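Asker: Quick one, structure for this:
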Amino acid sequence: MVVLVHMPLGQHDDAEVRERAVLSAAAAVVHDERLDAAGPARAMYALPADRVHVAEPAVDAADLASGSQEGGALLCVAAVTAAKGHDVLLDALAATSDLLWQCVCVGSLERDPAYASRASVAVR
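Answerer: I've put the predicted structure just below:
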C-alpha cells in the first residue's frame, strides 16, 4: 500500500495516532513538496526516509475560464478546517463589503466541527 498525503491531519484529537498507524503500515508515503521530505511529515510520524517520497504539485495549462458576468461569484472547495484558511477568505470578502460577492463553500464540515461552526456563524 502506498499512501498519498496532501495535508496531514495531525494535531486534531486522535487523528495523529490514527494517521501514524496508517502511514507506518504503508510501503511508501508520497506527499507534495510543501511537506519537504526531511520535514514535518517524516518528523511528525517518525517515518524512515527511504519510504517517504515527494511529488511536486503541478497542473496542465488550461484556457482561462470566462468567469461570471459580474465577476462576483466565487467557489471554494475544501474541508472547512482552520488549516484551509476559510477565516482568511471570509475576512478578505468582508473587507470588500462595497462589492457584491457571492461565495459558495463546498466541503466537509465534519473534519473540524468547532471551527466549521465558528466559520458559519461569522458568515451570517
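
Asker: Please report phi then psi for the residue nearest the centre of the chain.
Answerer: In the chain, the centroid-proximal residue (Cα atoms, centre = their mean) is Lys84; its distance is 4.6 Å. Taking degrees, to the nearest 10, you get phi -80, psi -10 for the backbone angles of Lys84.

Asker: Leaving out chain neighbours, which residue sits closest to it?
Answerer: Ala78 (4.3 Å; Cβ to Cβ, 6 or more residues apart in numbering). Glycine gets a C-beta too; all of them are placed from N, C-alpha and C.

Asker: Identify the residues contacting the one you found.
Answerer: Contacts for Ala78 (Cβ atoms under 8 Å, 6 or more residues apart in numbering) come out as 84, 86, 105, 107.

Asker: Please tell me how far Arg20 sits from Thr81.
Answerer: 19 Å (Cβ to Cβ, to the nearest Å).

Asker: again but with Met1, I slipped
Answerer: Met1 is 25 Å from Thr81, by Cβ to Cβ.

Asker: These two: which is more packed in?
Answerer: Thr81 (21 against 8; other Cβ atoms under 10 Å).

Asker: check contacts around that one.
Answerer: By Cβ under 8 Å, 6+ apart, the contact list for Thr81 reads 12, 111-112, 115-116.

Asker: Outline the domain layout of the protein.
Answerer: Domains of the chain are assigned by automatic domain parsing as 2-55, 73-123.

Asker: List just the one of these that sits closest to Ala62.
Answerer: Nearest of the domains of the chain to Ala62, taken as Cβ to Cβ: domain 73-123 at 15.9 Å.

Asker: Can you report the mean pLDDT over the residues of the closest one?
Answerer: Domain 73-123 shows a mean pLDDT of 82.

Asker: do the same with stretch 43-57
Answerer: Stretch 43-57 comes out at a mean pLDDT of 79.

Asker: buried ones in it?
Answerer: Neighbour-count burial for stretch 43-57 flags 44-45, 47, 51-52, 54 (criterion: 16 or more other Cβ atoms under 10 Å).

Asker: Which residue, neighbours along the chain excluded, lies closest to Met25?
Answerer: You called it Met, but residue 25 is Ala. Per Cβ to Cβ, 6+ apart, closest to Ala25 is Met1, 7.0 Å.
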